[in-house]
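Novice: Need coordinates for the below:
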Amino acid sequence: MKIYLQDGTELEPLDISGRPATVQGETRDSLTFAFPASAGLQDINSAFTGENCETIRIVEDGGTEHIHTGYVLRAALTLIPGEADGEGRITVTMAKRSYAEEQLLAIRTMAEETAAQVTDTQLALCEVYELMLGTGADGEEVSVNG
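Specialist: All right, here's what the predicted structure looks like:
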C-alpha cells in the first residue's frame, strides 16, 4: 500500500486506520498512518503538514485508490519503541476539517476571488477614465491641438 500527499510525497505505511477522534473539542473523522521507526520521525513530521494533507491518495496493493480530502489537523505524532527484538513504529493521526470549517474555507476562498475581480474591475475603470480625460499610455497629457 502507498500513500501520496498533496506535494507528491510518496510513502509506504505499514497500516492505515480510520476512526472518529476528538480534536480541538469536536468529534472528527481521522486517519492514522503507521510507519516503521526507520522511516524517521523528522521525515514523517515534515511530510504530514496541513498543506500536504489537503489531499491524501491511498493506493492499495490491488490498485484500488481512495482519495481523502481535508485531513489537515494533526491530532498525534507518536514514536512507539519496539520490543527488544523488533523495530518500533511511528504513528501519525490526521483529523478532517469539520463541516463548519469547510464552509468557512469556501466563503474565504470566494471572498478572495471576489476581491481580485473587484480589483481587476477598478483597474479597467481607471484605464477608461484616463482615456476619457485624454491622458496617454505613459500618463502624459494628450492635446488635441498637438
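Novice: how many neighbours does A124 have?
Specialist: Taking other C-beta atoms under 10 Å as the criterion, the count of residues near A124 is 10. C-beta: built from backbone N, CA, C; applies to glycine.
Novice: got it, and A106?
Specialist: So A106, with other C-beta under 10 Å, has 10 neighbours.
Novice: That one in helix, strand or coil?
Specialist: Three-state assignment for A106 (DSSP: H, G, I helix; E, B strand; the rest coil): helix.
Novice: how near is it to G18?
Specialist: A106 sits 24 Å away from G18, going by C-beta to C-beta, to the nearest Å.
Novice: Could you do Y4 as well?
Specialist: 17 Å.
Novice: cool, A47 as well?
Specialist: A47 is 19 Å from G18, where distance means C-beta to C-beta.
Novice: quick one: which of the two has more around it?
Specialist: Ranked by neighbour count (other C-beta under 10 Å), A47 and G18 place A47 first, with 20 against 14.
Novice: pLDDT on stretch 77-93, on average?
Specialist: For stretch 77-93, mean pLDDT rounds to 89.
Novice: er, stretch 32-43 I mean
Specialist: Stretch 32-43 comes out at a mean pLDDT of 96.
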